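**Q** My questions concern the predicted model and sequence given below.
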Amino acid sequence: MYKDYNMNQVTLSLDLEIYLEKDDLAFAINDLVESIPEKAFAAFEHQMGATSYHPKMMLKLILCGYTQSVFSGRRIEALAKDSIRARWLTQSQQPNFRTINRFRVHPHMQVLLEECFIQFRNLLVSQKLIETDVIFIDGTKIEANANKYTFVWKKSLQNYEAKLTEKSKEIYHQLVKEKIIPSICDEDKDLSEEDFSKIITTLETSVENFTQEIDASHCTEERKLLRSQRKAPKKALKQFLDFKERQSRYVRQKAILGERNSYSKTDPDATFMRMKEDHMRNGQLKAGYNIQIATNQQYVLAY
């Protein structure tokens, strides 16, 4: 004899909460997110376009996935459809993987996670699950999934930047000396991005003037003379366009580096370091993370 099972029987939808155990993880996630102040979600609100999913619901769904080792956007989307726990947290709303991934990389997400961490600790303290006067710190190195040949080194970047500064000043002084361009900035100081823009604009004007004169001239000798005169500003223009692009790139790279000495282009958060496991015993540097975690009663309180 079997338990009653009939796929054709009409049933009334019940609250999914009744299917969850009293100590289910979903309730802890719900209490944590609901304890976050409303102002922390204000940055996600917009007045234009279609209505968006509530950031509280999105955060609950992502935390639900992460606590079950589900990190892929597509797998979290599937979780929202299949898991009773996730369906209760989302109230059966089903954001797709693109929406989930866009939410995860939102500019305000870092601030929201910090606020979430604060509320997480407050909940642990209020429920007397941790001690407030003790903390344990431990660390480990984790190898990143990044190309080991895409590194950027701080010392190399500083050397390239110094050479760029020296070379650009040298060419600028030569252009002023030969009266190809007028003096634009103080000759003793390094050229800024604004100075590069002014020099490029001046050189573009000079090249354009020569080009117009060449097109207007019908004398072969005069055209040859004008072309030879145009070579210097045209070459300098190409150089300064390259200088400006490189300077902007160096500024971006320094911002990514911060206090670190290196990073990987395919994973900017990863730093090159020696790992504990060195099977070749050659001290090879690999992209990785040096994770430091503070815990109390097996709860992670800081990282």
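**A** Done, it's in.
**Q** Which parts of the chain belong to which domain?
**A** 16-129, 134-150+265-303, 153-259 (automatic domain parsing).
**Q** Mind checking the pLDDT average for the shortest one?
**A** The one in question is domain 134-150+265-303. Average pLDDT, domain 134-150+265-303: 85.
**Q** Kindly report the same for stretch 93-105.
**A** Stretch 93-105 shows a mean pLDDT of 94.
**Q** and for it, what are the contacting residues?
**A** Stretch 93-105 is contacted from outside by 44, 53, 55, 57-58, 61-62, 72-74, 76-77, 80-81, 109, using C-beta atoms under 8 Å, 6 or more residues apart in numbering. C-beta: built from backbone N, CA, C; applies to glycine.
**Q** Mind doing that once more with 10 Å?
**A** 44, 52-55, 57-59, 61-62, 65, 71-81, 86-87, 109, 112 (C-beta atoms under 10 Å, 6 or more residues apart in numbering).
**Q** what's the answer for stretch 151-168, then?
**A** Taking C-beta under 10 Å, 6+ apart as the rule, stretch 151-168 contacts 190-191, 195-196, 199, 239-240, 242-244, 246-247, 249-251, 253-254, 256-266, 268, 270-272, 285-287.
**Q** Show me which positions of it end up buried.
**A** 151-152, 154, 157, 161, 164, 168 (16 or more other C-beta atoms under 10 Å).
**Q** try stretch 84-97
**A** Buried-residue list, stretch 84-97, by 16+ other C-beta under 10 Å: 85-90, 95.
**Q** how far is it from where the chain is centred?
**A** 27 Å (C-alpha atoms, centre = their mean, to the nearest Å).
**Q** Check stretch 43-52 too.
**A** 22 Å.
**Q** Give the buried residues for it.
**A** residue 44.
**Q** any chance of the buried residues of stretch 84-97 in JSON lines, plus secondary structure and distance to residue 136?
**A** Formatted as JSON lines, these follow (DSSP: H, G, I helix; E, B strand; the rest coil; distance: C-beta to C-beta, whole Å):
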{"residue": "85", "secondary structure": "helix", "distance to residue 136": "30"}
{"residue": "86", "secondary structure": "helix", "distance to residue 136": "32"}
{"residue": "87", "secondary structure": "helix", "distance to residue 136": "37"}
{"residue": "88", "secondary structure": "helix", "distance to residue 136": "34"}
{"residue": "89", "secondary structure": "helix", "distance to residue 136": "31"}
{"residue": "90", "secondary structure": "helix", "distance to residue 136": "35"}
{"residue": "95", "secondary structure": "coil", "distance to residue 136": "37"}
